[in-house]
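A.B. asks: Here is a sequence together with a model predicted from it:
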Amino acid sequence: MLEARPQPPKAHPAIADPWPLRALLIVVTLVFLLVFLFLPLVTVFSEALAKGLTAYLAVFHDPVAQAAIRLTLMVAAIAVPANLVFGICAAWAISRFAFPGKSLLITLIDLPFAVSPVVSGLIYVLLFGANGWLGPLLAAHHLKIIFAVPGIVLTTIFVTFPFVARELIPVMQAQGSEEEQAALSLGANGWQTFWRITLPKVRWGLIYGVILCNARAMGEFGAVSVVSGHIRGLTNTIPLHVEILYNEYNLVAAFAMASLLALLALLTLAIKAVIEWRLRLGSGSQAASAGALG
Amino acid sequence: MAGSLIKSINAEANGVRLWRRRQILPGFGLTLGFTLVYLCLLVLLPLSAAFLKASGLGWEGFIRAVTAPRVVASFGVSVRASAAAAAVNTVLGTIVAWALVRYRFPGKRLLDAMVDLPFALPTSVAGIALAAIYGPHGPVGGPLLRTFGWKVAYTETGIFVALTFISLPFVVRTLQPVMLELDPEYEEAAASLGASRWQSLRRVIGPELVPAALTGFALAFARALGEYGSVVFVAGNMPMKTEIVPLLIITKLEQYDYRGATAVAVTMLVLSFSLLLIINLLQRWSARWITR
């Protein structure tokens, strides 16, 4: 969860860990993280640029690659706003009201995290596939969901819908509803209260939820792999295209497409760091103004 | 006066049961209704399709599908590799979290941010990178093969390595908040009573970290169990030897064995839900542990 990272309390030097222990643990940490985190990241870029910058850029002139990029962007453009609306509604309902079954609802929202991506794709195949529940109904209306773009969109929505909600719910619960109630007592209606009071308060959590949702939507592999049918130029997102290129031993192209997603991941992490920094600044100034109001 | 008015409204909103009273804040019906409809269409409907399909097998058919040798072997591979990865991450993750929280060293901020990389990096990208690194020509796999004759990629070891990458953040991120909350008072008290640093670490700090470490292990295990994208490239995917459960499901789907795939998937779902339950219980236990 996103929060202003507090500083650890300062321990007395007398009880600090002895320096050999400190040195050992730092070395272990560095080696572990360097091998397991940095090495894969560096490998993506080094393999992509293995044949030089021209070969790297030439990968993106391929119309199939461009179709994959377009499809990925389109899926994210549908999934992220839909899940944003859902996240706001769910967070509003859960944090502002008391009703029976609230913890069940929260558990349901966490469900996609517990389900394997392949199983997520499978359940949509079982519902909309040719042999599925709604299969005959869809066939009668000439609608294709599985092995077509709508299936990819639906599965991506399923896998990414918790992100915004999970960021907003604790934030909104912690902030309480006093300010909204004050706004109501001063004559604001529901929409005004939401836009001018709630939204500004939660904007950092909201942004973080959205970029996480987006990163996952663009990078989802297992679930989309099951429902997409892998039809070149039509139903391949960037992660699927990476797999196809890799299986054809076209390593430079595979890693070049992968580097796009790696850059997106780095951007996501950078935005997260910026948000946490702003929160740390913000909580300082909020404390000051709260003190001023008494 | 406004303050006490708001306080009393708030007390009423928090304390009173709901069905008969008017909501103070607007939007309850709209937001809850939308949420429930979204969840039903997106989650409950497809999940019930899965369970209904599995029940179409009948109990004996289900058991037969799930106890086939290939299925059992794949569960063995997945569970072994996930448990090993989660265990290694628990031990090393505790060390990493401790170093990130308590020590200062160059690059700490950057490393702290990078711990989230497995969350943010798409799984197929991680998969091909890991296959390149640990393959017979890679920077780690090559030397290991030449010097010790150890094969990493295309073996269970490769699966273990991939799962360690993917579940790395879970333990670290679960332990960091707990370590940040640790009050040095207790360590100072222990030191003033004559405990050595090692004794303090073991008997004062250790027990505080156990619930969070267990939660981190469970989270890492649950994630690793269902992981597909980062494993299939480095695994080798040989049935009975290096085939993980998600891959088995996909293979069955490609062979149009929908019933078999569903049976395995439902077993995985039951396993995942049980893990989710255990994790929730662990989180509640550790919350109580800390506030005791």
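C.D. replies: Now that the structure is in, tell me what you want to look at. Numbering: from 1, shown residues only, chains lettered A, B, ... in the order given.

A.B. asks: The helix or strand hosting B:S230 - what's its average pLDDT?
C.D. replies: Per DSSP states H and E, B:S230 falls inside helix B:229-235. For helix B:229-235, mean pLDDT is 90.

A.B. asks: Any part of it near chain A?
C.D. replies: Yes - counting by C-beta under 8 Å from any C-beta of the partner chain, contacts between helix B:229-235 and chain A involve B:G229, B:F233. C-beta here means a position set from N, CA and C on the backbone, and glycine is covered the same way.

A.B. asks: Kindly export that helix (C-alpha atoms) in PDB.
C.D. replies: What follows is helix B:229-235, C-alpha atoms only, in PDB (Å, rounded to 0.1, in the frame of the first residue of the first chain):
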ATOM      1  CA  GLY B 229       4.500 -16.200 -17.600                       C
ATOM      2  CA  SER B 230       7.900 -15.900 -15.900                       C
ATOM      3  CA  VAL B 231       8.200 -19.700 -15.500                       C
ATOM      4  CA  VAL B 232       7.300 -21.200 -18.900                       C
ATOM      5  CA  PHE B 233      10.300 -19.800 -20.700                       C
ATOM      6  CA  VAL B 234      12.900 -21.100 -18.300                       C
ATOM      7  CA  ALA B 235      11.200 -24.300 -17.200                       C
END
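
A.B. asks: For the stretch 1-150 of chain B, give me the ranges with low pLDDT.
C.D. replies: B:1-23 (pLDDT under 70).

A.B. asks: What ranges does it have for its helices?
C.D. replies: With DSSP state H, counting those that start in this stretch, the ranges of helices along the stretch 1-150 of chain B come out as B:2-15, B:28-39, B:45-55, B:58-66, B:69-102, B:108-114, B:117-120, B:123-134, B:141-148.

A.B. asks: and those helices, which is most packed in?
C.D. replies: helix B:123-134 (a mean of 28; mean count of other C-beta atoms under 10 Å in any protein chain shown).

A.B. asks: which residues touch the residue of the stretch 51-200 of chain B at minimum distance from chain A?
C.D. replies: Of all residues in the stretch 51-200 of chain B, the one sitting closest to chain A is B:P122 (2.7 Å; C-beta to the nearest C-beta). Contacts for B:P122 (C-beta atoms under 8 Å, 6 or more residues apart in numbering or on different chains) come out as A:A215, A:M218, A:G219, A:E220, A:F221, A:P239, A:A258, A:L261, A:A265, B:G229.

A.B. asks: ok, so of those, who is nearest A:V31?
C.D. replies: Nearest to A:V31 among the contacts of B:P122: A:A265, at 22.3 Å, using C-beta to C-beta.

A.B. asks: roughly how far apart are that closest one and A:S103?
C.D. replies: Per C-beta to C-beta, to the nearest Å, A:A265 is found 33 Å from A:S103.

A.B. asks: Neighbour count: these two, which is higher?
C.D. replies: Legend: neighbour count by other C-beta atoms under 10 Å in any protein chain shown for A:A265 and A:S103, higher for A:A265 (24 against 10).

A.B. asks: Sticking with that one, tell me its helix or strand.
C.D. replies: Per DSSP H and E: helix A:251-293 holds A:A265.

A.B. asks: right, is that helix up against chain B?
C.D. replies: Yes - residues of helix A:251-293 are located near chain B by C-beta under 8 Å from any C-beta, namely A:251, A:254-255, A:258, A:261-262, A:264-266, A:268-270, A:272-273.

A.B. asks: which helices and strands does that helix pack with?
C.D. replies: Applying 3 or more C-beta pairs under 8 Å, 6 or more residues apart in numbering or on different chains; DSSP states H and E, one finds that helix A:251-293 makes contact with helix A:39-48, helix A:53-58, helix A:63-96, helix A:199-219, helix A:238-247, helix B:108-114, helix B:117-120, helix B:123-134.

A.B. asks: highest average neighbour count across the ones you listed?
C.D. replies: When the helices and strands packed on helix A:251-293 are compared using mean count of other C-beta under 10 Å, helix B:123-134 is most buried, at a mean of 28.

A.B. asks: So what's the gap between that one and the chain middle?
C.D. replies: 20 Å (C-alpha atoms, centre = their mean, to the nearest Å).

A.B. asks: Which strands and helices lie in contact with that helix?
C.D. replies: Checking 3+ C-beta pairs under 8 Å, 6+ apart, helix B:123-134 ends up next to helix A:39-48, helix A:199-219, helix A:238-247, helix A:251-293, helix B:156-181, helix B:229-235.

A.B. asks: quick one, which of those helices is nearest to A:V227?
C.D. replies: With C-beta to C-beta as the yardstick, what comes closest out of the helices and strands packed on helix B:123-134 is helix A:238-247 (10.6 Å).

A.B. asks: So for the closest one, mean pLDDT?
C.D. replies: So the average pLDDT for helix A:238-247 ends up being 92.

A.B. asks: Is any residue of that helix near chain B?
C.D. replies: Yes - Helix A:238-247 is in contact with chain B by C-beta under 8 Å from any C-beta, via A:P239, A:L240, A:V242, A:E243, A:Y246.
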